[in-house]
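# Fold the following and give me the result.
(one chain, ligands or ions: 2)
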Amino acid sequence: MAALLEVEGLAKTFGSLRAVDGASLAVEPHSITALIGPNGSGKTTLFNLITGYLSPDSGHVRFDGRDVTGANPGRLYRRGLSRTFQQARVFPQLTVQENLTVAAGYSWAQLFGRRMSAADRERVARLLEEFRMAHVADLFASELSYGQRKLLEFAAVLMSSPKLVLLDEPTAGVNPVMIATMEQHIRERHAAGVTFLIVEHDMPVVMRLCDPVVVLDQGREIFTGPPQAVQTNPLVLDAYLGA
Ligand SMILES: Nc1ncnc2c1ncn2[C@@H]1O[C@H](COP(=O)(O)OP(=O)(O)O)[C@@H](O)[C@H]1O
Ligand SMILES: [Mg+2]
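Numbering: from 1, shown residues only. Ligands and ions are numbered 1, 2, ... in the order given. Now for the predicted structure:
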């Protein structure tokens with residue numbers, strides 16, 4: 001089967017720093033692929049290159065059978081490639097419900113003119129229900145806890161009916177109950193057919209949730225394999241302990 005996402009030889013330097021240095025990886029359809037690696041190994045930069053927030057110096061990105069190298073984030077979002085950010089990005093001055101509405105592609109003018117289709121109103125209501133956020137639907141996003149903002153960002157990404165979702169540290173800095181909730185939502189969406197590529201530091205979460213695991217070190221992948229093999233691989237141990 002062809003990979004849903006193929007990254008080939010991507011590179012990005014900042015001044016003299018090779019943040020991503022010829023990275024290649026493939027995400028198979030219906031997988032939950034983990035991307036791990038020491039701090040500063042280039043994981044977020046790689047996400048930015050894949051999702052069009054940065055253009056690579058060299059290399060290629062293919063998504064769903066098309067070359068999308070350097071495509072802009074909005075176009076990729078509409079094609080089914082969505083991502084979240086390490087520091088959750090939601091609109092703090094919009095309510096929870098409004099955040100989901102703008103994620104469906106409505107302009108702010110349409111939002112305040114209440115010109116939403118019945119189908120999209122229904123999708124927003126269902127997501128609020130599914131994420132147990134109906135009771136906070138009218139709160140401003142700025143009033144949510146950090147963990148709730150991360151959940152909202154994830155829910156908002158789902159408004160685009162994505163094929164592939166990239167999550168950058170979805171559980172970092174959130175409490176254990178919220179980690180379990182986040183994990184559950186990832187599992188449910190995965191069961192419904194969504195493919196994931198996840199940067200995750202919490203190893204127990206990676207072990208439970210992800211297969212395969214791709215390890216990045218100094219901007220280059222050094223290992224790809226099942227989660228059980230990661231913790232005993234000498235290259236991986238070196239990357240983490242040698243840093
Ligand atoms: N916009 C930028 N300008 C300069 N250096 C950057 C920029 N973004 C990231 N870096 C550097 O690139 C390296 C990789 O960063 P990053 O991709 O954030 O790593 P990770 O997400 O794996 O922790 C780090 O050394 C970081 O300081
Ligand atoms: Mg990062």
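
# drop to CA atoms for contacts and neighbour counts, all remaining ones
Noted.

# at contact distance from ligand 1, anything in the helix or strand that residue 34 is a member of?
In this structure, residue 34 sits in strand 32-36 according to DSSP states H and E. No: Strand 32-36 lies out of reach of ligand 1 by C-alpha under 6 Å from any ligand atom, never closer than 7.8 Å.

# who's residue 13 bridged to?
Beta-bridge pairing for residue 13 (DSSP bridges): residue 18.

# So which elements touch the following helix or strand past the strand holding residue 34?
As assigned by DSSP H and E, the chain's next helix or strand after strand 32-36 is helix 43-50. For helix 43-50, the packing partners by 3 or more C-alpha pairs under 8 Å, 6 or more residues apart in numbering; DSSP states H and E come out as strand 17-27, strand 164-168.

# what's the offset of helix 43-50 from the middle of its chain?
In terms of C-alpha atoms, centre = their mean, to the nearest Å, the centre of helix 43-50 is found 10 Å from the chain centre.

# By mean pLDDT, which helix or strand of this protein comes out lowest?
helix 108-112 (a mean of 68; mean pLDDT, DSSP states H and E).

# Would you tell me which residues of the chain are close to ligand 1?
Taking C-alpha under 6 Å from any ligand atom as the criterion, the chain approaches ligand 1 at residues 14, 19, 39, 40, 41, 42, 43, 44, 45.

# Wait, a helix at residue 56?
No: Residue 56 sits outside any helix when classified using DSSP: H, G, I helix; E, B strand; the rest coil, being coil.

# Confirm for me that it is in contact with residue 10.
Yes: at 6.4 Å, residue 56 counts as touching residue 10 under the criterion of C-alpha atoms under 8 Å.

# before we move on, which element is residue 75 in?
Residue 75 belongs to helix 73-79 when assigned by DSSP H and E.

# Outside of the longest helix anywhere in the chain itself, list whatever touches it.
Criterion DSSP state H: the longest helix present in the chain is helix 176-191. Helix 176-191 has contacts (C-alpha atoms under 8 Å, 6 or more residues apart in numbering) with 30, 31, 32, 131, 147, 148, 151, 170, 171, 196, 205, 209.

# Recalculate using a threshold of 10 Å.
30-32, 130-131, 147-148, 150-151, 154-155, 158, 163-165, 167, 170-175, 192-196, 202, 205, 208-209 (C-alpha atoms under 10 Å, 6 or more residues apart in numbering).

# Buried residues of it, list them for me.
178, 179, 181, 182, 183, 185, 186, 187, 190 (16 or more other C-alpha atoms under 10 Å).

# got it, and stretch 220-235?
Along stretch 220-235, these residues count as buried under the neighbour rule (16+ other C-alpha under 10 Å): 220, 221, 222, 223, 224, 226, 227, 230, 235.

# Then stretch 52-68?
Residues of stretch 52-68 classed as buried by neighbour count (16+ other C-alpha under 10 Å): 52, 53, 54, 55, 56, 59, 60, 61, 62, 63, 64, 68.

# The third one contacts residue 12, doesn't it?
Yes: using C-alpha atoms under 10 Å, residue 54 and residue 12 qualify as a contacting pair, with a distance of 8.7 Å.
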